[in-house]
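Novice: Test case, fold it:
(one chain, ligands or ions: 1)
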Amino acid sequence: MITLYGGPTPNARKIAIALLEMGLDWQLDYIDILAGDQLTPEFLALNPNNKTPVIVDDEGPGGERFALWETGAILLYLAEKTGRFVPVDPVKRAICWQWLMFQVSGVGPMFGQEAHFTHYAKDRHDYAIARYSREVDRLMMVLDKRLGEAEWLAGEDYTIADMATLPYLRRQLIEKAGRFPNVDRWGAAMLERPAVAEGMTVDVARAETIEGGLTGFTDEHRAILWGDRQHVKR
Ligand SMILES: N[C@@H](CCC(=O)N[C@@H](CS)C(=O)NCC(=O)O)C(=O)O
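Specialist: Coordinates of the predicted model:
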């Protein structure tokens, strides 16, 4: 059994999609990051970086219980465990890693900053909003070019690179429909996959998030996610 510690966030959804696609036996342990569950001693023992998701595999390497964090590492671990969704050919395999790293180092952080400054920050910072909105558009252009020349990010095979990327594009696919036609084509193909459709509903959207309309998002949530609560010595 694999336990996925996470909630309704793009990063947890990447892993839910992979677990479903790979047909692994898994369960969700809900971590409410808006309530500060990621800052408890129990969670910090799993991930000292206080971020979700984390997986705990009861049957890890050597049959031992194994905990892992960082979505790129988790996706590679699951792909190696099952031998699925990473190409075998060395060149294709490296290209899959390339697009996976592009997601975890580029799309994830930049789309996250855009969401932060455009929606969650209390004060309006025009420079930051422009900077990250433009960077999101630039990354969308890179994805659109790639998906104009290949069916999937890694090429002809659907891989963990696609699973990593789709959850971060949920809002862009709606708000920018028609602007990036190759991304639209790919997004529609992904959402037709039952595992992706189901993985994207893990867990239900919260009213305090952009997805849920942002009603009820308070200074207490800001303190937990970006303020003093993050800086208590451990
Ligand atoms: N680089 C990390 C990012 C994880 C991340 O940012 N998780 C967010 C939710 S999407 C989180 O748990 N935030 C809680 C916090 O920062 O306290 C990964 O890919 O796993």
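Novice: Against the ligand, how distant is M110?
Specialist: Separation of M110 from the ligand (Cβ to the nearest ligand atom, to the nearest Å): 12 Å. C-betas here are computed from N, CA, C, even on glycine.
Novice: typo on my end, it should be I95
Specialist: In this view, I95 and the ligand are 20 Å apart by Cβ to the nearest ligand atom.
Novice: contacting residues for W226?
Specialist: W226 makes contact with H116, according to Cβ atoms under 8 Å, 6 or more residues apart in numbering.
Novice: for the ligand, what are the nearby residues on this protein?
Specialist: Within the chain, the positions adjacent to the ligand are 9-11, 33, 38, 50-52, 70-71, 104, 108, 225 by Cβ under 6 Å from any ligand atom.
Novice: Could you dump those into a markdown table and include pLDDT, neighbour count and distance to R193?
Specialist: Compiled in a markdown table, the residues of the chain next to the ligand are given as follows (pLDDT from 0 to 100; neighbours: other Cβ atoms under 10 Å; distance: Cβ to Cβ, whole Å):
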| residue | pLDDT | neighbour count | distance to R193 |
| --- | --- | --- | --- |
| T9 | 92 | 20 | 20 |
| P10 | 95 | 22 | 17 |
| N11 | 97 | 21 | 19 |
| I33 | 94 | 21 | 27 |
| Q38 | 96 | 25 | 29 |
| N50 | 96 | 19 | 31 |
| K51 | 97 | 17 | 26 |
| T52 | 97 | 25 | 23 |
| E70 | 98 | 16 | 24 |
| T71 | 98 | 28 | 19 |
| V104 | 98 | 19 | 21 |
| G108 | 98 | 20 | 21 |
| L225 | 91 | 18 | 31 |
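Novice: domains of the protein?
Specialist: Using automatic domain parsing, the domain ranges for the chain come out as 2-84+207-231, 90-197.
Novice: where does the first one sit relative to the chain's centre, distance-wise?
Specialist: Between the centre of domain 2-84+207-231 and the centre of its host chain there is 9 Å, according to Cα atoms, centre = their mean, to the nearest Å.
Novice: Next: the last one.
Specialist: The chain centroid and the centroid of domain 90-197 are separated by 10 Å under Cα atoms, centre = their mean.
Novice: The domains of the chain: lowest mean pLDDT?
Specialist: Note on the domains of the chain: domain 2-84+207-231 shows the lowest mean pLDDT, a mean of 94.
Novice: who touches E192 in this structure?
Specialist: Counting by Cβ under 8 Å, 6+ apart, E192 touches no other residue.
Novice: Straight-line length of stretch 223-234, end to end?
Specialist: Counting by Cα to Cα, to the nearest Å, you get 17 Å between the two ends of stretch 223-234.
Novice: Contacts only, for the residue nearest in space to the middle of the chain.
Specialist: For the chain, the residue nearest the mean C-alpha position is N11 (2.5 Å; Cα atoms, centre = their mean). With contact set as Cβ under 8 Å, 6+ apart, N11 has these partners: K51, T52, P53, T71, G108, P167.
Novice: Please consider this matter closed, and thank you.
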